[in-house]
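Undergrad: One predicted model, sequence on top.
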Amino acid sequence: MSYKILLAAAFTEDGRSMLESALDVDLVCVEENLDAVTPHLAETDALIVGDVLHVDESLYEAAPNLKIIGRAGASLTNVEVDAATRRGIIVMNTPGVDAITVAEYTFAMMLALVRCVFAAHTDLINQDWQHEKYIGTELQEKTLGIVGFGRVGREIASRAIAFGLDVLVYDPYVRESQVVGMRLKMVGLEELLSRSDIITLHTSVVPDTENLINAETLALMKSGVFLINVKHSSFIHANDVLAALESGKLAGVALDDFEPETLADHPLIGHPRVIHTQRMRFNTYEAQHNLSNLLAPQILDALREQDYRNAVNLPFIPGREYEALEPHLRLSEYIGLIHHSLGHRTGILRVEINISGHEMEGLLKPLTVALLKGLLAPRLGKSVNYINAPVLANERGILVTQSKGLALDSYPNLFTTRVEWDDGGELVVAGAIFNQTEPRIVQVDRYRTDFVPDGTLLFMGSFDVPGVIGRVGTFMAENKINIAGWRTSRVEKGGNTLSVISIDDLLAEDLLNDLREREFVRHATQITF
C-alpha cells in the first residue's frame, strides 16, 4: 500500500528525508496556506501542518481519504479536533519538543523588556542616544507570576529561580504535591496578579482563558508590571492592555502572537513600550530538528498501523506501549466481530463491558472502543476506526455501560461483553490474553470454550447426539474442505452444543446452506478473522 503525505510545515532536511525515503510514501511539500494545500487534499492520507493553516470542517470535506493530521508543535488551536474525531481522523502533535526553545524565548523577551533593549537598539540606529532614557529593572528579587504550569511553565520556573526571581504559579490542574521541592509557590489567580512584578502567560487556549488579561484583571495588578504573552493572542484584550500601558499600570508588554488579519491596525503594534514578534518562540534549529525527527516516524507508524504516539484523540493509555496494548485491542475487536456475526440482525440496543484482573487495569476505555469498532465496522465499512467508533455508536442510540470485577473461574484477566438487540435477543462473549500476547475466546453464549480467533472459523450449533463430528467430517471431506481444528462445548449432557471449527477455506454459500439444512444442525455461521 502507498500513502500520500502532504507536508505543509517547516521541516528540517533529515525529517523530510525520513519521509521521502519511505518506499510506501509519496511526499508532496507545499507552503502552509489553503491555496497551496487544497489541490492535493483529495488524495492525501496524512497532512502535516504548523500553526498557520486552520484545519477545519471544510478542509476535512475536501480530503475524503485523510487519516492523520500531524501538528508540528504542541498547540492544537488551529486544528478542529472534534470534527476530525467524528470523521475518524487521528490528530497527533509533538508535546514538549519545543518547551526549552519557548522557555528561552520567553526569557529573551523578559530581559529585553525590563532592560529596554529594543528601544535602545532602535534609537541608536536613528542616532538618538539618550542614556538616561533607558533605566532598566533587575530580575533579582523580583516576583515572576507564571500562569499555566505545563512543560514550558516548568522550564521557565527553573530558569527564573536561577535568576534569583521569586516564582508564583497559577494552574488549576496542578496539585501542590506535584511541585514539592521546586522552590515556588502555588497561588490563586488573583494573588498572582496582585503580587507579581512580571507576568507570563502559558495556560491552555480554552473559552475560559479568552481575554484573560482585561480591564478587570489588570485592575488587580500593581503599577509598573511587565506582561509577557508568547502563547496565544486570545489571552489579552488589546484595547484594555493599551489603556493600562498609557496609565502606567503596565510598564511594558512583550508579544509573540498576532492574528494575521489584525497586523495592519493592531493597537499595540508600534507602541514604544511593546516588543512584538510573530511566532518566533519556537523558531530554533534545535526545535525544528527535534520536531521533524519526532513527527515523521509518528506519522509513518500510524499510517502503517504499527504504533500510535501523541495521538490526542485516540483512547490509548499514556505511557503504555502500543505493542503491549495491541493484543488486547485485537481481542476486543474480534469479540465485536463475533457479536456482529452471531447476533441478531435488528438494531443494537445495549453493549455491556466488564474487565477483571490486574493486566486489564486501565484498559476499559480502549477495549470498549475496539469492541465498538469490531461490532460496527461490518455494517458501516472501513470508515469506522478507533477514533470515531464511540461517536458512531452514540449517534445510533447504542447504550454502552462499563464495569469492573466480574470474572470466570480460572481466568484472572478477563474481558466479558454482552450485546442486547432491539428484539430482546442477547449474546455474551468473553476473552482473555494468554502469555500477554495471544488473544483467545473463552466463552460464547452459555458455552465455555477456548480457541484462538484466527483464519476462518465455522461456528456451528448442533444437538448433543452421537455422530455429529463424523457426519460433519464426511461432509467436509466430500467437498474438499480441510479441517484444521475443532472445539466443541456443551452446557448439559443431551442438550445443545457449540462447535468452533477451524477450516482452511471458506465454504461457498450453497455448501453453507446445505450444512444448515442437516437435521442435527441448529445454526452455522463462518467468520474470517
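TA: Sure, I can see it.

Undergrad: For burial, what's the neighbour tally of the spatially closest residue to A370 that is not a sequence neighbour?
TA: Counting by CB to CB, 6 or more residues apart in numbering, A370 lies nearest to S332, which is 3.7 Å off, once chain neighbours are set aside. Just so you know, the C-beta spots here come from the backbone N, C-alpha and C atoms, and that holds for glycine as well. The local packing of S332 (other CB atoms under 10 Å) involves 27 other residues.

Undergrad: Distance of D51 relative to I135?
TA: 36 Å (CB to CB, to the nearest Å).

Undergrad: typo on my end, it should be D514
TA: 98 Å.

Undergrad: buried ones in the helix or strand that contains D123?
TA: Element membership for D123, per DSSP states H and E: helix 117-125. Buried positions in helix 117-125, judged by neighbour count with 16 or more other CB atoms under 10 Å: 117-120.

Undergrad: From A83, how far out is E57?
TA: 5 Å.

Undergrad: quick one: contacts for the residue nearest to A370?
TA: If you count contacts by CB atoms under 8 Å, 6 or more residues apart in numbering, S332 has them with 366-368, 370-371, 374, 415, 431.

Undergrad: Where do the strands of the stretch 301-450 of the chain begin and end?
TA: 348-356, 399-404, 414-421, 426-434, 438-444, 447-451 (DSSP state E, counting those that start in this stretch).

Undergrad: and the fifth one, how far from the chain's centre?
TA: Here strand 438-444 shows a centroid-to-chain-centroid distance of 29 Å under the convention CA atoms, centre = their mean, to the nearest Å.

Undergrad: List the buried residues in it.
TA: 439-444.

Undergrad: Repeat that for the last one.
TA: The neighbour-count check on strand 447-451 (16+ other CB under 10 Å) flags 447-449, 451 as buried.

Undergrad: any idea which of those is closest to L124?
TA: Distance ranking of the buried residues of strand 447-451 against L124, using CB to CB, places F451 first at 81.3 Å.

Undergrad: OK, contacts around the closest one?
TA: 440-441, 457, 485, 487, 500, 502.

Undergrad: State the distance from it to S341.
TA: Taking CB to CB, one finds F451 at 14 Å from S341.

Undergrad: now what about the helix-or-strand element of the chain with minimal mean pLDDT, what contacts it?
TA: Every helix and strand of the chain was ranked by mean pLDDT, DSSP states H and E. The lowest is helix 389-395, at a mean of 83. Helix 389-395 has contacts (CB under 8 Å, 6+ apart) with 85-86, 315, 351, 368-370, 372-373, 376, 380, 384, 400.

Undergrad: let's go with 10 Å and repeat that
TA: 82, 85-88, 315, 333, 336, 348, 351, 365, 368-377, 379-380, 383-385, 388, 398-400 (CB atoms under 10 Å, 6 or more residues apart in numbering).

Undergrad: could you dump that helix to CSV, C-alpha only?
TA: Taking Å, rounded to 0.1, in the frame of the first residue of the first chain, the C-alpha atoms of helix 389-395 are listed here in CSV:
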residue,chain,number,x,y,z
ALA,A,389,-16.4,4.3,16.9
PRO,A,390,-17.8,5.8,20.1
VAL,A,391,-19.3,8.7,18.2
LEU,A,392,-21.0,6.4,15.7
ALA,A,393,-22.4,4.2,18.5
ASN,A,394,-23.8,7.3,20.2
GLU,A,395,-25.4,8.6,17.0
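
Undergrad: Which parts of the stretch 401-529 of the chain are helices?
TA: Applying DSSP state H, counting those that start in this stretch to the stretch 401-529 of the chain gives helices spanning 468-478, 509-516.

Undergrad: now the stretch 1-150 of the chain
TA: Under DSSP H, counting those that start in this stretch, the stretch 1-150 of the chain gives helices at 13-20, 34-37, 57-61, 81-86, 99-114, 117-125.

Undergrad: Mind putting those into JSON lines with mean pLDDT and distance to E426?
TA: Formatted as JSON lines, the helices of the stretch 1-150 of the chain follow (pLDDT from 0 to 100; distance: least, CB to CB, whole Å):
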{"stretch": "helix 13-20", "mean pLDDT": "94", "distance to E426": "48"}
{"stretch": "helix 34-37", "mean pLDDT": "94", "distance to E426": "48"}
{"stretch": "helix 57-61", "mean pLDDT": "94", "distance to E426": "37"}
{"stretch": "helix 81-86", "mean pLDDT": "85", "distance to E426": "29"}
{"stretch": "helix 99-114", "mean pLDDT": "95", "distance to E426": "51"}
{"stretch": "helix 117-125", "mean pLDDT": "87", "distance to E426": "71"}
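
Undergrad: Which of the ones you listed sits closest to L242?
TA: Nearest to L242, of those and by CB to CB, is helix 99-114 at 16.3 Å.

Undergrad: Okay, buried residues for the closest one please.
TA: Residues 99-110, 112-114 are the ones in helix 99-114 that count as buried (16+ other CB under 10 Å).

Undergrad: Check stretch 352-361 too.
TA: Buried, per 16+ other CB under 10 Å, within stretch 352-361: 352-357, 359-360.

Undergrad: Next, give me the two most distant ones among these.
TA: Among these, E352 and E359 lie farthest apart (CB to CB), at 20.4 Å.

Undergrad: quick one on the thing from earlier: most neighbours of all the contacts of F451, which one?
TA: Neighbour max across the contacts of F451 (other CB under 10 Å) = L457, 25 neighbours.

Undergrad: Tell me if I'm right that that residue and A524 touch.
TA: No. Using CB atoms under 10 Å, L457 is not in contact with A524, being 11.2 Å away.

Undergrad: all strands of the stretch 151-300 of the chain, in order?
TA: 166-170, 185-186, 198-201, 225-229, 250-255, 274-276.

Undergrad: How about R350: which residues does it bridge to?
TA: L399, E420 (DSSP bridges).

Undergrad: gap between it and A120?
TA: R350 is 71 Å from A120, by CB to CB.

Undergrad: Show me what the closest residue to R490 other than its chain neighbours bridges to in the sheet.
TA: In this structure, R490 finds its nearest non-sequential neighbour in T497, 4.5 Å apart by CB to CB, 6+ apart. Following DSSP bridges, T497 is listed with bridge partners S462, R490.

Undergrad: give the contact list for T497.
TA: T497 touches 447, 460-465, 468-469, 488-491, 520, 522, counting by CB under 10 Å, 6+ apart.
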